[in-house]
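Enquirer: Have a look at this fold, sequence not included:
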């Protein structure tokens with residue numbers, strides 16, 4: 001199975017979240033953070049539809065793709081940069097390239113930070129991507145959910161209550 005961009009991002013955030021998401025346990029629907037991200041995506045760059053198009057290839061869906069210049073734009077609601085964001089757009093670049101679609105780079109946009117970051121795919125990334133795909137598939141294929149990671153990022157996660165129900169929240 002080819003992973004989605006979400007699978008790749010979750011691979012770099014939390015294996016438990018990846019496994020739960022892949023097994024149909026989607027806690028994001030009621031998450032305020034996810035709703036905020038959706039609202040930012042829908043209201044921040046409304047003029048994009050003139051030049052940018054939506055693109056679906058394999059199991060990935062890219063909201064903003066400039067086919068003429070080969071640029072992906074990905075909007076993140078986060079108020080901080082994370083490697084998972086970079087990994088996700090690198091994977092998008094890899095999948096497009098693998099499918100013969102001309103692509104140059106990606107731009108991560110952080111409206112809350114008023115910052116952007118250009119992301120390029122290099123040869124070491126191209127070697128790494130199949131390993132990421134295998135890691136995702138191996139984690140998803142496990143019979144049991146990976147353990148809780150007990151990290152500070154857990155408190156902001158849509159799966160927090162699921163993972164920590166019945167536990168003292170102060171232990172994080």
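Expert: Sure, I can see it. Note that this is a predicted model, so its numbers are computed, not measured.
Enquirer: Please identify which helix or strand holds residue 94.
Expert: For residue 94, the host element (DSSP states H and E) is helix 83-98.
Enquirer: Neighbouring strands - and their directions - for the following helix or strand past that helix?
Expert: Remark: after helix 83-98, the chain's next helix or strand is strand 105-110, criterion DSSP H and E. Applying DSSP bridges, strand 105-110 is found paired with strand 71-75 (parallel), strand 115-119 (antiparallel).
Enquirer: Run through this structure and note the low-pLDDT ranges.
Expert: Applying pLDDT under 70 to the chain picks out residues 28-50, 166-172.
Enquirer: would CSV of the strands paired with strand 105-110 with distance to residue 149 be doable?
Expert: In this view, the C-beta of every residue, glycine as well, is placed from N, C-alpha and C. Formatted as CSV, the strands paired with strand 105-110 follow (distance: least, Cβ to Cβ, whole Å):
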stretch, distance to residue 149
strand 71-75, 24
strand 115-119, 25
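Enquirer: Just name the most buried of the ones you listed.
Expert: The highest average neighbour count among the strands paired with strand 105-110, using mean count of other Cβ atoms under 10 Å, belongs to strand 71-75 at a mean of 19.
Enquirer: relative orientation of it and helix 83-98 in degrees?
Expert: 150 degrees (axes from the mean of the first three to the mean of the last three Cα atoms, to 10 degrees).
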